[in-house]
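Novice: need coordinates for the following:
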Amino acid sequence: MKYNGLRFSLFIFFAILFFQSCKKSDDVVPPSTVDASNWGSFVPVSWYNMELKLIKETPGFAPPVAARAIAYTSIALHETVVRGIPNGTSLSGQLEGLNYLPYNDPELRYNWAIAANAAMADMLRNLFGNASADNIALIDQIEVENQLDLTSTEFSQEDIDRSVDFGKRMANAIYLWSASDKGQAAYLNNFPSSYVPPSGNGLWVPTPPLFQSALLPFWGNNRLLYPENKKITTQITAPPAYSIDHNSDLYKAANLVYQTVNSLSQEQVYIANYWADAGGTFTPAGHMLAITTQLVKDNNLTLDKASQLFAQVGIALNDAAIVCWNCKYKYNLLRPVTYIRNNIDPTWTSKIGTPPFPSYISGHASFTGATSTILSAYFGNDFSFTDNQKVDDGFSPRSFNTFEEMANEAAISRVYGGIHYDFDTNIGMNAGKAVAQKVLTLKF
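Specialist: Predicted structure coming up:
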């Protein structure tokens, strides 16, 4: 995004002042006098529930923007808490451009839950710059209430103040770093007028019913958090070539969508709607965060373990979004509704609304593929669970025997909904999994 001259100058000025108070972090963090495993996960759980509310209610937080916010919140949480994890490893030096972070004195006492509380509160204030006044007030309220709940005689007021200060300095450092990734203010302009979509047979055009212009067409150029994920963008093969021949791969794929939507069972309709996660919801990326948050709470993860898992999920979601959007606007493949109306049935419509961006690859499949891989690595390949996160939206809890099963259902839901070809979801799933496998090689 572009800054005006004054804003950019002020940013550079304060960045210089800030970095003068920071040092380049070593890979291995010195042990603290108080272990972060002494606390449960209620602080991050409370803040991620607030972040999900913000994603729903704040304009401009489309799926990639939501994934970005989740990622930076999670990195700030991890980098604050890792100072209290014996033999914990900072992400500094591992993530692109993340080199200078605040220094904590390992000889002094910190309440790591209070530090995390301060860090996450400031991250949400910064990342959701256009949040409503009511939600900003709610952030203030949660921060105060959490700190009161965490205050004990074990820590002096000096310890508490030191912890709050460290959390806020960490949040400031992560936010300053985030500002250079090209996505900082995208929530203010999801549909940049400077983008002119290419035209031609087989290329994306706005779709019914809203016929919106292209959403976040430059997102694929953003900085990936983990440099290793750059390789994945070059490994995704092109979609089937455009053809109206009935024997062509694209015609067969479009006809499969057409036939599937026209013969959906009641259960398949339910699945399509369950995973729609469209505008006004917590988005597909938020749905993955909601499930992760539920699992962290239900399984009583300690603060140290929770911070590591949230960081892995957040980084994977962010990079999966960038890889996916890079592919979408590289190939600009038309959506099924366009192909079907032009070549099969001019009156046909999808079961759920088609989002305003190219078809290949599927974002939902990318997000769920990435998250299912991270969660499987932590909880196991045979871990069964129930997703309770859409009860408030009128859906029944949905149970799965494995995370893979969840991801497969989420992916096929887009074909049931009529908004993706099956190859969109298959390749999207593989791309998300590949991103997550790279993230799992990071040291925490």
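
Novice: strands of the protein, residue ranges please.
Specialist: For the chain, applying DSSP state E gives strands covering 23-24, 100-101, 385-387, 398-400.

Novice: right, so of the ones you listed, which gets closest to residue 271?
Specialist: strand 398-400 (8.7 Å; Cβ to Cβ). Backbone N, C-alpha and C define where each C-beta goes, glycine included.

Novice: ok, back up a step: most packed of the strands of the chain?
Specialist: strand 100-101 (a mean of 22; mean count of other Cβ atoms under 10 Å).

Novice: tell me the helices and strands packed up against that one.
Specialist: strand 23-24, helix 157-178 (3 or more Cβ pairs under 8 Å, 6 or more residues apart in numbering; DSSP states H and E).

Novice: per-residue confidence averaged over that strand?
Specialist: Averaged over strand 100-101, pLDDT sits at 93.

Novice: go on, stretch 254-264?
Specialist: The model assigns stretch 254-264 a mean pLDDT of 98.

Novice: gap between it and the chain center?
Specialist: 30 Å (Cα atoms, centre = their mean, to the nearest Å).

Novice: next: stretch 278-294.
Specialist: Taking Cα atoms, centre = their mean, one finds the center of stretch 278-294 at 9 Å from the center of the full chain.

Novice: residue ranges with poor pLDDT in the chain?
Specialist: 1-33 (pLDDT under 70).

Novice: domains of it?
Specialist: Per automatic domain parsing, the domain ranges recorded for the chain read 13-178, 200-439.

Novice: of all those domains, which lies closest to residue 184?
Specialist: domain 13-178 (6.5 Å).

Novice: what separates that closest one from the chain centre, distance-wise?
Specialist: Distance, stretch centre to chain centre, for domain 13-178: 17 Å (Cα atoms, centre = their mean).

Novice: pretty sure residue 160 is touching residue 114, no?
Specialist: Yes: under the criterion of Cβ atoms under 8 Å, residue 160 makes contact with residue 114 at 6.0 Å.

Novice: more neighbours, the two?
Specialist: Taking other Cβ atoms under 10 Å, residue 160 and residue 114 do not tie; residue 114 has more neighbours (27 against 20).

Novice: how much space between the more buried one and residue 98?
Specialist: Using Cβ to Cβ, to the nearest Å, one gets 24 Å for the distance from residue 114 to residue 98.

Novice: also residue 402?
Specialist: Distance from residue 402 to residue 98, by Cβ to Cβ: 33 Å.

Novice: equivalent analysis for residue 363, please.
Specialist: Taking Cβ to Cβ, one finds residue 363 at 25 Å from residue 98.

Novice: confirm for me that residue 389 is in contact with residue 289.
Specialist: No: using Cβ under 8 Å, residue 389 is not in contact with residue 289, being 9.3 Å away.

Novice: identify the contacts common to these two.
Specialist: residue 282 (Cβ atoms under 8 Å, 6 or more residues apart in numbering).

Novice: got the CA positions of stretch 85-100 in PDB?
Specialist: Output in PDB follows, covering the C-alpha atoms of stretch 85-100 (Å, rounded to 0.1, in the frame of the first residue of the first chain):
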ATOM      1  CA  ILE A  85      10.200 -21.300  27.700                       C
ATOM      2  CA  PRO A  86      13.400 -23.100  28.700                       C
ATOM      3  CA  ASN A  87      15.300 -23.800  25.500                       C
ATOM      4  CA  GLY A  88      12.600 -22.000  23.500                       C
ATOM      5  CA  THR A  89      13.600 -20.700  20.100                       C
ATOM      6  CA  SER A  90      12.700 -17.300  18.800                       C
ATOM      7  CA  LEU A  91      11.500 -16.900  15.200                       C
ATOM      8  CA  SER A  92      13.800 -14.000  14.800                       C
ATOM      9  CA  GLY A  93      16.200 -14.900  12.000                       C
ATOM     10  CA  GLN A  94      13.900 -17.600  10.700                       C
ATOM     11  CA  LEU A  95      11.000 -15.500   9.400                       C
ATOM     12  CA  GLU A  96      11.600 -13.100   6.500                       C
ATOM     13  CA  GLY A  97      12.900  -9.700   7.800                       C
ATOM     14  CA  LEU A  98      12.300 -10.500  11.500                       C
ATOM     15  CA  ASN A  99      15.700  -9.700  13.100                       C
ATOM     16  CA  TYR A 100      15.400  -7.100  15.900                       C
END
